[in-house]
Structures are given as structure tokens and as C-alpha cells.
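Chemist: sequence? don't have it. structure:
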């Protein structure tokens, strides 16, 4: 089987899990449930769930039900952050992936509440993992994974990066703050995903640090590649306007470091990530290809 | 010692816990940390933390560190809901308890993010309870308390009620929907508080149901008393405009049932709550007085 077939199999599995964990659209509060499902089913690439799954498989060979609530939860957290980012008071985006954003369809109040609902439901769903095992050791792993799930999207993770990004909109961003934003806003959820997979597969603390460092570099390389594509790609390939960063006077890794250094740094970070994971002496060829494709993508 | 002295002691203890768990205002993301602390330290009555503490004490006589993260978390969740409620897109309130609301001081984008940050931080803080014990039985209690903490503020709890309330603003609300709103928007967090206290004190499932039913009635009676005071109190006592519900054409329990039935129902619900707790054959005089004062308050 080739990579794309393998990936489609995994996406189908992940989509099924996500659908199973989304709320049924019924009851007096139906509108918010519809808005939640509308946002989550907008067709993302499901990168974070895939990283949970494949990092788990780097350490363990079985399939474990206990992953499922975490797979659903990480995508709910990622989605809530997009719904709130798109709000008029923040980025004011009317479209995402060619589809109307949540506040355009459901109104601003409902989009705020749907975002809140997704964030809270992520934890409601994730805590159900405690019901899927009676083994004490496994309970401790679930507790540890839950701690990572709650820390990485927070004020010392994703939200922290988002706040600095919002505060510096329309102003020049110094290099160290840009790194801070990328690391928190993008890497934090990639770290959460890979660490949760590792924890639930029984990785030890030393291995966990190696995974976290790999994930940090994957997130950074992924984000810098985004900046590079904005300059080097074409509208046809990217499916959205190019040179938009320059037109919007946006500070990016490319505007600070130049395109050559940016490309070299992506390679460097990519190598650090792969070297880290290789040092674990575990096998999961799909994971390595996935990381390679995430970083070296053309759109 | 009289009731007020006892209450002040507890509030001082709770305030200290909350302050200990709030983030330090430093780092690039400082603004959101300031906005979080501004909202939480706006001086609420700390009813929910007190209900955690006192329901715990109904079942257990010791003081336990493991309560503390939950005490901080429930107040963060309550506060985030107020910050988002006050936003221009929802209730558009500029003042709360005589103080400017978060979006007035920090702007709308930061208020949305500070609300998100508080909700997420509640779970980050609560999951730290796992570090406070190594006893397996205790770990299971923490997991169970965490599940309640995550469920009650969610789509089948507080947010569910809030959504229906927002959707029915400026329209007449049928009785069954008003009950739904009150039960979810107000009772759900009261239920969470009392149930978490009971779970961490080792209450069994039968006792937990009794506590939940008491809490549901306390929440409803508390909310209906709010509607009654809007009609029967004076500006001097209440510290805010009276008859505001009537002026705003707002459906309340009083507009549906009339003042006499409303007062009788408060008494009835209050009695159900007290009877439920009494049936447990446990003692905590302060808790009973607290409940009595919450329901029969004059402002």
C-alpha cells in the first residue's frame, strides 16, 4: 500500500472516532450543538489526531480504545481555537477552507458559545478515558495524558501564543517574539498530540522529552514552511492568495530571516525532529513519512 | 463564633487558595494573565468554592489539600462564564459588581481570550490534583471529581442553559424552557460544587445522588429568589435597579407563576434540599445555615 492509501485509511478511522464523540443535535440547546458539529466537520487535515495515533504506534503495536477520547478532544480544542480566531473581534475572517466561518452562519454570540462549548466538551470527552480501563497503571497514564492535554493549549501554550499574536497585529514583531508565537501557537498542540500518544503507549519520561523536542521542531518547521509557501507558491497550487503576508505588512519568519535562511532552518528543524525520533530505536515508517510530508508540503 | 465570623474565615481561606492558583503576571503573554486575574479577583461571593468545602466537611472532618485545585478551578469556570456573558455580542454589560467588565478594560479580543484562558486553566489547575496523592483510591476519586467538573459546565449543563437563554432574549419564554435555563445555567455549577466536595470526601453513589438533588433545588431556589428580589426589594437594599425584569420585558419565574407561587416554590425547594441533606445523617451546621442564607437572602 502506498502512503496516500495508508493516510486515507487513518483519516477514515479518525473521522469515525470524531463523529462518534460529537454531540447529537437534539434538545433545547440544539443550535450550539449544530454549530459545534459544523465547525469540527469543516474538513481539516486531522494532523493532530494522526500524530496521537502514530506516536502511540511508535511505542506500541496494539490498538487501544483509550486513545479515542483524546483523538476527539485534541481536534475539538484545535477547532475551538479556529472558531474564536475567526471572530470579528479577533481576525474577522468570513471564510475558512472555502466554507463560511461559524460566526457568519450562526451569529457572533453563538460562535463564542460554540467555541466555549467545544473547549469544555474536549475535557468532558477526554475524562471519559478513565472509564475505558480498570488497570491502575493505565489510569495513571490517562491522568498524565490529561495533564498534558490541559497544559499545552493554555496560557503557557497555545493561548499564550495567540495573545501575543493578537497584540502585535499590524506592528513589526521582533524575532524572539515571533519564535515565541510560533512555538506556543503552533508547536504546543503538536507537542500535546505526540506526547499524549507516547504517554498512553507507556513511554518513559526520558522518551517523552525526546518526543516533545521532536514535536516542537515539527511545529516550528511546519509554521515556517507556511511563511515560505506564501512567497514561493502559486495561487493555483496553494488555493489561496500568495504574497498575502507581504501585502498585509505581516512580520513572518521569511521577512525577518530571508527566504534562504528560512528554507535552511526548516531543513535543520526537520532533521532535529527526525534525529530525535530515530534515537528512540522504534519503528513507524508511516510516522516518519507523515512528518516529512507535513514539513515539505507544497500547499 | 457566629455565622458571619465563620463565613469570613472560610472566605479568607478560599481567597488565599484562589490567589495561589492564579498565574503570575509575567512573560510576553502578560496582558491575558492580568485580564484573567482582574476578572477572578473582582470580588464574588465565592459561593461555589464554599459549597465544595462545606459539602466535603459534611462527609469528612479533616482538611485535604486535594480540594484546593478544585476550589480554584470552579471559580475560574464561573468567572469565565461571566466574562463571556458580558461581551458586546452577548449581554453587552459594561459593569459588574460596580467594576468595569473585562472587555471594557482590556478590549473585546482580550476578553474573549481571557475567558478561554480561564476555562482552559481551570482544567490545567484541576488536573494538578493528581499530583497531591499517591493513593489509588484517592486517584479514582480525583478522576471522578474531574469528570463532574468537566460535565456540569458543558453543553448538558451551564453552556446548554446559556445558549437557550441567549436565543430567547427579547422573546417570551415558555415555562418548561425557563426551568431548563435555570436548572442548567444556575443549578449545574452548584451541583458540580457539592458533588465534587462529596466525591473527594468519599461519599458513595447513593449519597452522591442525594447531594445532586439537593444542589439542583438550591440552584433553582437561588435563581427564583433573584427574580423575587427584583420585584420586592428596594434599590437601597439590592444595590442595583429593581423592577428591571419588568422594564426589560423579561420572562422570569415571577412573571410566569406570580409572586405568591414563586415564594411558595422557593420554600418548597429549600425544604427539599434541606430534607435531602438531613437524610444523610451527617452534621455540618454551617452548611445548613449557608444554604438557608443563600436562598433567603435579601439582596
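Modeler: Sure thing, it's come through. Keep in mind it's a predicted model, so treat the numbers as computed, not measured.
Chemist: how close does residue A:173 sit to chain B?
Modeler: 11 Å (Cβ to the nearest Cβ, to the nearest Å). Just so you know, the C-beta spots here come from the backbone N, C-alpha and C atoms, and that holds for glycine as well.
Chemist: that residue reaches residue A:253, doesn't it?
Modeler: No. Counting by Cβ atoms under 8 Å, residue A:173 does not reach residue A:253; the two are 10.2 Å apart.
Chemist: settle it for me: which of the two has more neighbours?
Modeler: Using other Cβ atoms under 10 Å in any protein chain shown as the criterion, residue A:173 and residue A:253 rank with residue A:253 on top: 24 against 20.
Chemist: quick one: the more buried one and residue A:225 touch, right?
Modeler: No. Under the criterion of Cβ under 8 Å, residue A:253 makes no contact with residue A:225, lying 9.3 Å away.
Chemist: for residue A:292, grab the count of nearby residues.
Modeler: Residue A:292: 14 neighbours (other Cβ under 10 Å).
Chemist: repeat for residue A:213
Modeler: Number of residues near residue A:213 (other Cβ under 10 Å) recorded here: 16.
Chemist: what helix or strand does it sit in?
Modeler: Element membership for residue A:213, per DSSP states H and E: helix A:205-232.
Chemist: distance between that helix and the chain's centre?
Modeler: 11 Å (Cα atoms, centre = their mean, to the nearest Å).
Chemist: cool, stretch A:144-161 as well?
Modeler: The answer for stretch A:144-161 is 12 Å, by Cα atoms, centre = their mean.
Chemist: then stretch A:162-170?
Modeler: The answer for stretch A:162-170 is 19 Å, by Cα atoms, centre = their mean.
Chemist: residue A:9: neighbour count?
Modeler: Around residue A:9 there are 12 residues (other Cβ under 10 Å).
Chemist: which secondary structure state does it sit in?
Modeler: helix (DSSP: H, G, I helix; E, B strand; the rest coil).
Chemist: test my guess that residue A:161 contacts residue A:189.
Modeler: No. Residue A:161 lies out of contact with residue A:189 (Cβ under 8 Å); the separation is 10.1 Å.
Chemist: intersection of neighbour lists for the two?
Modeler: Here residue A:161 and residue A:189 have no joint contacts, going by Cβ atoms under 8 Å, 6 or more residues apart in numbering or on different chains.
Chemist: where in the stretch 1-150 of chain A is pLDDT low?
Modeler: Along the stretch 1-150 of chain A, no part satisfies pLDDT under 70.
Chemist: now do the contacts for residue A:254.
Modeler: By Cβ under 8 Å, 6+ apart, the residues touching residue A:254 are A:224, A:227, A:228, A:230, A:231, A:245, A:262.
Chemist: mind running it again at 10 Å?
Modeler: Residue A:254 is in contact with A:224, A:226-232, A:245-246, A:260-263, counting by Cβ atoms under 10 Å, 6 or more residues apart in numbering or on different chains.
Chemist: ok, now residue A:229?
Modeler: Here residue A:229 is in contact with A:237, A:238, A:240, A:242, A:254, A:297, A:298, A:299 (Cβ under 10 Å, 6+ apart).
Chemist: quick one: the fifth one from chain B, how far?
Modeler: Separation of residue A:254 from chain B (Cβ to the nearest Cβ) stands at 21 Å.
Chemist: what's the separation between that residue and residue B:48?
Modeler: 49 Å (Cβ to Cβ, to the nearest Å).
Chemist: likewise the first one?
Modeler: The spacing between residue A:237 and residue B:48, counted by Cβ to Cβ, is 53 Å.
Chemist: among those two, which residue is more densely surrounded?
Modeler: A direct count of neighbours by other Cβ under 10 Å for residue A:237 and residue B:48 places residue B:48 higher, at 23 against 11.
Chemist: ramachandran coordinates for the more buried one?
Modeler: When read as degrees, to the nearest 10, the backbone of residue B:48 gives phi -70, psi -50.
Chemist: helices along the stretch 1-150 of chain A, start to end?
Modeler: In the stretch 1-150 of chain A, the helices defined using DSSP state H, counting those that start in this stretch lie at A:3-21, A:30-40, A:47-59, A:67-85, A:102-106, A:108-126, A:136-151.
Chemist: common neighbours of residue A:253 and residue A:225, please.
Modeler: A:262, A:266.
Chemist: quick revisit: in strands, which of the contacts of residue A:229 appear?
Modeler: Assignment to strands by DSSP state E places none of these there.
Chemist: now the residues you listed in a markdown table, with pLDDT?
Modeler: Output for the contacts of residue A:229, formatted as a markdown table (pLDDT from 0 to 100):
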| residue | pLDDT |
| --- | --- |
| A:237 | 76 |
| A:238 | 74 |
| A:240 | 74 |
| A:242 | 78 |
| A:254 | 95 |
| A:297 | 87 |
| A:298 | 83 |
| A:299 | 80 |
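Chemist: among the residues you listed, who's most crowded?
Modeler: residue A:254 (23 neighbours).
Chemist: what does the stretch 151-299 of chain A put close to chain B?
Modeler: A:151-169, A:176-177, A:180-181, A:184 (Cβ under 10 Å from any Cβ of the partner chain).
Chemist: ok, which stretches of the stretch 151-299 of chain A are helices?
Modeler: A:158-167, A:175-182, A:188-200, A:205-232, A:235-238, A:244-247, A:253-257, A:259-278, A:285-295.
Chemist: give me whichever of those helices is most buried.
Modeler: helix A:188-200 (a mean of 27; mean count of other Cβ atoms under 10 Å in any protein chain shown).
Chemist: now the helices of the stretch 151-299 of chain A as CSV including distance to residue B:69?
Modeler: Formatted as CSV, these follow (distance: least, Cβ to Cβ, whole Å):
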stretch, distance to residue B:69
helix A:158-167, 19
helix A:175-182, 27
helix A:188-200, 20
helix A:205-232, 22
helix A:235-238, 45
helix A:244-247, 42
helix A:253-257, 38
helix A:259-278, 33
helix A:285-295, 35
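Chemist: of these, which approaches residue B:138 most closely?
Modeler: With distances scored as Cβ to Cβ, the stretch of these nearest to residue B:138 is helix A:188-200 (20.7 Å).
Chemist: same for the closest one, what does it pack against?
Modeler: Packing partners of helix A:188-200 (3 or more Cβ pairs under 10 Å, 6 or more residues apart in numbering or on different chains; DSSP states H and E): helix A:47-59, helix A:67-85, helix A:136-151, helix A:158-167, helix A:205-232, helix A:259-278, helix A:285-295.
Chemist: tabulate those (JSON lines), appending distance to residue A:12.
Modeler: What follows is the helices and strands packed on helix A:188-200, written out as JSON lines (distance: least, Cβ to Cβ, whole Å):
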{"stretch": "helix A:47-59", "distance to residue A:12": "12"}
{"stretch": "helix A:67-85", "distance to residue A:12": "13"}
{"stretch": "helix A:136-151", "distance to residue A:12": "24"}
{"stretch": "helix A:158-167", "distance to residue A:12": "27"}
{"stretch": "helix A:205-232", "distance to residue A:12": "23"}
{"stretch": "helix A:259-278", "distance to residue A:12": "25"}
{"stretch": "helix A:285-295", "distance to residue A:12": "15"}
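Chemist: which residues are contacting stretch A:16-26?
Modeler: Here stretch A:16-26 has contacts from A:29-38, A:40-41, A:44, A:46, A:49, A:53, A:65, A:67-76, A:79, A:117-118, A:121-122, A:124-126, A:128, B:154-156, B:160, using Cβ under 10 Å, 6+ apart.
Chemist: with that, I have no additional questions.
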